[in-house]
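Peer 1: Need a 3D model of the following:
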Amino acid sequence: MTSLFEYINNDISPLKSDNLIADAQDLFTDLTYSHFPVSENGIYIGCIRKENAEILKSTDSIGEHRYEFNRFYVRSNMIWLDVLEIFAQNETNIVPVLDDQNNYLGYYELEDVIRFFHETPFLKEDGGILVIQKDIKDYSMSQIAQIVESNNAKLLGLFISKITDQKIEVTLKINLGGLNDIIQSFRRYEYEIISEHQEDAYLKDLKDRSDYLDKYLNI
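Peer 2: Next up is the predicted model:
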């Protein structure tokens, strides 16, 4: 699998602080970016936002409006989940990439990071998705892995998909077609199963019993 680092884009150089707002307006007219990096003397100083550029005076220099810049970025060695988080937090489709010495390396496009995500085993490999929930005080990642592996399955990946003050929800990718034994094991450890599974024998049994009672009561 390729590294996320290989998706760094340098097709377009950063705008410069002494460029005119008109230059930014032209760039946003031609491209679909929500933001674009701005540099000064070769140093990244922030991103100008498309919505801001559209309403600013076209003859102003970009640097005159630096107080309105968004100053988000990622490091070249950040893992892709952290990179995705920066995209989400800043509602952007482009993120500048800096090295450990703050040198500007280029930028990531959201579409490329999503494509990289689709190449990870979590999505690419065959397997089942299971969503579980438990009281946050009782949550244990090692216990989750132990439950899966004790049923002769392997965990391809997991992430925390929701968290509140009381509960934590975890999404698992498991390389096993038959999830029923794993589901029952999680129930024995007092995990709630959030996702629905056709092969869930426990739920099927409950439904069959309910249907029987309904028929009985209607006699």
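Peer 1: And the helices in the protein, which stretches?
Peer 2: Using DSSP state H, the helices of the chain run over 21-30, 50-55, 80-90, 110-118, 121-124, 141-149, 180-188, 201-217.
Peer 1: now those in JSON lines, with mean neighbour count, distance to Gly157 and mean pLDDT?
Peer 2: Backbone N, C-alpha and C define where each C-beta goes, glycine included. Output for these, formatted as JSON lines (neighbours: other C-beta atoms under 10 Å; distance: least, C-beta to C-beta, whole Å; pLDDT from 0 to 100):
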{"stretch": "helix 21-30", "mean neighbour count": "16", "distance to Gly157": "36", "mean pLDDT": "97"}
{"stretch": "helix 50-55", "mean neighbour count": "15", "distance to Gly157": "34", "mean pLDDT": "96"}
{"stretch": "helix 80-90", "mean neighbour count": "15", "distance to Gly157": "10", "mean pLDDT": "87"}
{"stretch": "helix 110-118", "mean neighbour count": "15", "distance to Gly157": "11", "mean pLDDT": "85"}
{"stretch": "helix 121-124", "mean neighbour count": "14", "distance to Gly157": "4", "mean pLDDT": "71"}
{"stretch": "helix 141-149", "mean neighbour count": "15", "distance to Gly157": "11", "mean pLDDT": "92"}
{"stretch": "helix 180-188", "mean neighbour count": "17", "distance to Gly157": "15", "mean pLDDT": "90"}
{"stretch": "helix 201-217", "mean neighbour count": "10", "distance to Gly157": "25", "mean pLDDT": "52"}
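Peer 1: Can you give the domain ranges for the chain?
Peer 2: What automatic domain parsing lists as the domains of the chain is 4-117, 121-203.
Peer 1: Which of the helices of the chain sits closest to Glu68?
Peer 2: Smallest distance to Glu68 across these (C-beta to C-beta): 5.3 Å, for helix 50-55.
Peer 1: Give the buried residues for stretch 13-20.
Peer 2: Pro14, Leu15, Lys16, Ser17, Asn19, Leu20 (16 or more other C-beta atoms under 10 Å).
Peer 1: Restricted to strands, list those residues.
Peer 2: Per DSSP state E, strands hold the following members of the buried residues of stretch 13-20: Leu15, Lys16.
Peer 1: and which of the buried residues of stretch 13-20 is nearest to Leu172?
Peer 2: Closest to Leu172, out of all of those and judged by C-beta to C-beta, is Pro14, at 40.6 Å.
Peer 1: isn't that closest one right up against Tyr104?
Peer 2: Yes - here Pro14 lies in contact with Tyr104, judged by C-beta atoms under 8 Å, at a distance of 6.6 Å.
Peer 1: Brilliant, that's me finished.
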